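Asker: what follows is a protein structure lacking sequence information:
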């Protein structure tokens, strides 16, 4: 019966929602020790959701879902929770992007601090460590 499958799908998506919130917490707090396990759990939930979604897309199940008001209500709840998951996942993506920018900036600062005479700027204003002068020049 599709209603049991829809209920299972709703449970999986709610569990995914919790995992995404844990991922957000790890990213905000820069607590990367648990992030690997969270990402593994996230991938497992996504796989289970996709498999169940594939089962639910069979024509017989789709027809039963369309004809049942209970199934339609569960489907609406699933779509609502899925939209929340997508929003959180988007935020997490932005947090990762900001973290990567921060690390890149830190790397540039370290390069600048270790070799002030060899630092230049490229056309975009980013730090570029390169040697413009030959090595045999003496001052």
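Answerer: The structure has been received and is ready for your questions. Since this is a predicted model, take the numbers as computed values, not measurements.

Asker: show me what the lengthiest helix in the chain is packed up against.
Answerer: With secondary structure taken from DSSP state H, the chain has its longest helix at helix 69-114. When contacts are defined as 3 or more C-beta pairs under 8 Å, 6 or more residues apart in numbering; DSSP states H and E, helix 69-114 sits against helix 2-29, helix 59-67, strand 127-129. Bear in mind the C-beta positions are built from the backbone N, C-alpha and C, glycine included.

Asker: so how far is residue 99 from residue 62?
Answerer: 41 Å (C-beta to C-beta, to the nearest Å).

Asker: next one: residue 85
Answerer: On the measure of C-beta to C-beta, residue 85 and residue 99 end up 21 Å apart.

Asker: could you report the neighbour count for residue 103?
Answerer: 10 (other C-beta atoms under 10 Å).

Asker: quick check: buried residues in stretch 33-40?
Answerer: Neighbour-count burial for stretch 33-40 flags 35, 38 (criterion: 16 or more other C-beta atoms under 10 Å).

Asker: tell me how far that stretch lies from the chain's centre.
Answerer: 12 Å (C-alpha atoms, centre = their mean, to the nearest Å).

Asker: any residues touching that stretch, and which ones?
Answerer: Stretch 33-40 is contacted by residues 19, 22, 23, 26, 27 when judged by C-beta atoms under 8 Å, 6 or more residues apart in numbering.

Asker: among the residues you listed, which ones are buried?
Answerer: 19, 22, 23, 26, 27.

Asker: which residues touch the fourth one?
Answerer: So the one you mean is residue 26. Going by C-beta under 8 Å, 6+ apart, the list of residues near residue 26 reads 32, 34, 35, 38.

Asker: ok so, going back, neighbour count for residue 85 and residue 99, which is higher?
Answerer: More crowded of residue 85 and residue 99, by other C-beta under 10 Å: residue 85, with 22 against 14.

Asker: verify the stated contact: that one with residue 17.
Answerer: Yes. The pair residue 85 / residue 17 is scored as a contact, 5.3 Å apart, by C-beta atoms under 8 Å.

Asker: so residue 13 makes contact with residue 49?
Answerer: Yes. In this structure residue 13 lies within contact range of residue 49 using C-beta under 8 Å: 6.4 Å.
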